Each structure stands twice: as C-alpha cells, then as structure tokens.
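Asker: Generate a structure from the sequence data that follows.
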Amino acid sequence: MFSQTAEYALRATAALAERDSAVTAAELARLTDVPPPYLFKVMAQLAKAGLVTAQRGKYGGYLLQAPPGAVTLLEVINAVDPIPRIYHCPLGKPEHELALCPLHRQLDAAYAQIEQTLRSQTLADVT
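Answerer: Numbering: from 1, shown residues only. Below you'll find the predicted structure:
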C-alpha cells in the first residue's frame, strides 16, 4: 500500500524523534537500514517539506523541525509520496462527470479513512 519511499521516510523521522541531538546521515542510514543514496533523496524531500533540517559542521546532521508530537504520520508520507485521492471518475463516462461512480466513491472513501488514521497519529505515538 505504501511506497518504499514512504516507509523510509517514516523510519527516518521516527529515528530522529527518538533523539535529542542531530543525527548524521551515516548514523541515520545505519539506524533505519536505508541505503545512504536513497536516504539522501528522502531527507531532501523531508527538508523541502519543512519537516527536517540539516545542520553542517562538527555536530551536524539531521533534526526534526518540530517536536515529535507535532508531526503527523500523514505529513511525513505526504512529503514524499502523497496518498492519492480520486476527484474524477477515471472511466470518463458522461454519467459520472458530476459525481464519482459507486466504485470510485468507495475507493476514495478508503483513502480518506487512511488519511484520517495517519492524521491522528504523530511520531511521538510510534516511537
């Protein structure tokens, strides 16, 4: 259901949530079992979304931008691989132009439930 990128982002942010100081990329890769090149890509996306910061220097590394209790799992996932929603029936039938067909209405409702569950859980809840 969730992409490898979303899984890696959750692992990385959960690992950061358990620490009070910056974590180097090498240490974060070791802690999360994420290949370093892939980790750099994921961390860049999380930084772009404002969820993590990167500090340079002797005591540098990655830090969460906000306390773990303020970062939802949905924010982490949406930063790297947003949960899809269905706004238009992909079948393109004229009778479905104004509203989703029953099939796609149910699928979108399932996505909405997943979003709600992830929105209600923070990194503090999973560390």
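
Asker: can you give me the strands in the protein?
Answerer: When secondary structure is read from DSSP state E, the chain shows strands at 52-55, 61-64.

Asker: Which other helices and strands does the last one contact?
Answerer: Looking back up the chat, that one is strand 61-64. Under the contact definition 3 or more Cβ pairs under 8 Å, 6 or more residues apart in numbering; DSSP states H and E, strand 61-64 sits against helix 4-17, helix 25-32, strand 52-55. Quick note: C-beta positions are derived from backbone N, CA and C, even for glycine.

Asker: wait, which of those is closest to Pro82?
Answerer: helix 4-17 (9.3 Å; Cβ to Cβ).

Asker: And the contacts of that closest one?
Answerer: Helix 4-17 is contacted from outside by 23, 28, 31-34, 38-39, 41-43, 45-46, 51-52, 62-64, 68, 71, 73, 76-77, 79-81, 123-124, 126-127, using Cβ atoms under 8 Å, 6 or more residues apart in numbering.

Asker: Please list only the buried members of the residues you listed.
Answerer: 23, 28, 31-32, 34, 39, 42-43, 45-46, 51-52, 62-64, 68, 71, 73, 76-77, 79-81, 123 (16 or more other Cβ atoms under 10 Å).

Asker: any low-confidence regions in the protein?
Answerer: Judged against pLDDT under 70, the chain has no low-scoring part.

Asker: Next, name the residue at the spatial heart of it.
Answerer: Of all residues in the chain, the one closest to the mean position by Cα atoms, centre = their mean is Ile77, 1.8 Å from it.

Asker: still on that earlier bit, can you redo the helices and strands packed on strand 61-64 as JSON lines with distance to Cys89?
Answerer: Shown next, in JSON lines, are the helices and strands packed on strand 61-64 (distance: least, Cβ to Cβ, whole Å):
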{"stretch": "helix 4-17", "distance to Cys89": "26"}
{"stretch": "helix 25-32", "distance to Cys89": "39"}
{"stretch": "strand 52-55", "distance to Cys89": "37"}
